[in-house]
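Enquirer: quick one, what's the 3D model for this:
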Amino acid sequence: MKRKRDSRELNPPWHVDCRIEAELPEDNIVGTRFLVNALFTAVAAGMLLFTGWLGYYGLSLRNETQDWNKRSDGNRAEVREIQRMQGEYAAEAAKIDQAYAMIRPRFYVSGFIANIGRTRPDAMVIDIVEWSEGGIVIRGSVRESSERATRMLGGYVEQLRGDDQIMPLFRDIRLTDLDRGGTGGALRFEINFLLKPAGT
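Expert: The predicted model follows:
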């Protein structure tokens with residue numbers, strides 16, 4: 001059933017719609033133009049901040065460089081003094097090295113004894129090894145006949161003179177004493193190793 005219309009109800013006024021929709025502004029909550037402007041504003045603000053940060057960084061680097069240059073200029077005298085002292089220390093160290101090279105032992109006793117043991121004939125017995133400023137003296141005995149012991153000791157001294165591990169350390173190697181003694185037993189001998197002068 002149709003409802004009857006109440007005559008007391010108000011009807012909306014009738015009018016002609018004169019709007020031109022193409023010319024009306026957008027009715028979106030956030031317009032496209034606003035979004036574009038906001039985006040470009042954010043990019044411009046970011047570039048401005050980045051440029052400001054670069055400027056600040058360059059300024060701080062310049063200030064630090066000036067500060068270090070001032071410190072370097074202030075410490076220049078101290079640096080020169082340190083360099084002078086280093087030169088003096090180097091000169092003194094060179095003198096010490098030169099003195100050590102002149103007085104250091106040119107060989108080790110253990111190496112010398114090992115070389116003597118390596119070259120010693122079986123019949124030879126070494127009793128004493130003495131070391132003095134002039135050289136080294138070896139004393140011992142040989143239980144052989146006089147003639148054979150003399151030949152063996154002469155050959156041994158020649159062998160020592162030809163040994164490339166022993167002879168470079170000495171000026172000369174000599175058989176300085178042969179003695180049979182009163183008992184007629186072993187032949188006593190003395191071999192003298194004369195050291196080279198210091199610095200040679």
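
Enquirer: for the residue nearest to V129 when sequence neighbours are not counted, which three-state class applies?
Expert: In space, and not counting its chain neighbours, V129 is closest to I138: 5.5 Å by Cβ to Cβ, 6 or more residues apart in numbering. To be clear about C-beta, it is placed using only N, CA and C from the backbone, and glycine gets the same treatment. Three-state call for I138 (DSSP: H, G, I helix; E, B strand; the rest coil): strand.

Enquirer: and I138, what's its pLDDT?
Expert: On pLDDT, I138 comes in at 91.

Enquirer: could you do L178 as well?
Expert: 83.

Enquirer: same check on R143?
Expert: Looking at R143, its pLDDT is 83.

Enquirer: tell me where the chain has strands.
Expert: 124-131, 135-142, 170-179, 187-195 (DSSP state E).

Enquirer: elements contacting the last one?
Expert: Spelled out, that is strand 187-195. Strand 187-195 is packed against strand 135-142, helix 146-162, strand 170-179, with contacts defined by 3 or more Cβ pairs under 8 Å, 6 or more residues apart in numbering; DSSP states H and E.

Enquirer: and that strand, what's buried?
Expert: L187, R188, F189, E190, I191, N192, F193, L195 (16 or more other Cβ atoms under 10 Å).

Enquirer: and the fourth one, how far is that from Y56?
Expert: Taking Cβ to Cβ, to the nearest Å as the measure, E190 and Y56 are separated by 91 Å.

Enquirer: any idea how far the residue nearest to D172 when sequence neighbours are not counted is from T176?
Expert: Spatial nearest neighbour of D172, excluding adjacent residues (Cβ to Cβ, 6+ apart): L194 at 4.7 Å. Distance check for L194 against T176: by Cβ to Cβ, it reads 10 Å.

Enquirer: ditto for F189
Expert: From F189 to T176 the distance is 9 Å (Cβ to Cβ).

Enquirer: is it true that T176 touches R188?
Expert: No. Contact criterion Cβ atoms under 8 Å: T176 and R188 do not qualify, at 11.6 Å.

Enquirer: show me the helices in the protein, by range?
Expert: Using DSSP state H, the helices of the chain run over residues 32-74, 76-103, 109-119, 146-162.

Enquirer: ranking these by burial, who's on top?
Expert: helix 146-162 (a mean of 15; mean count of other Cβ atoms under 10 Å).
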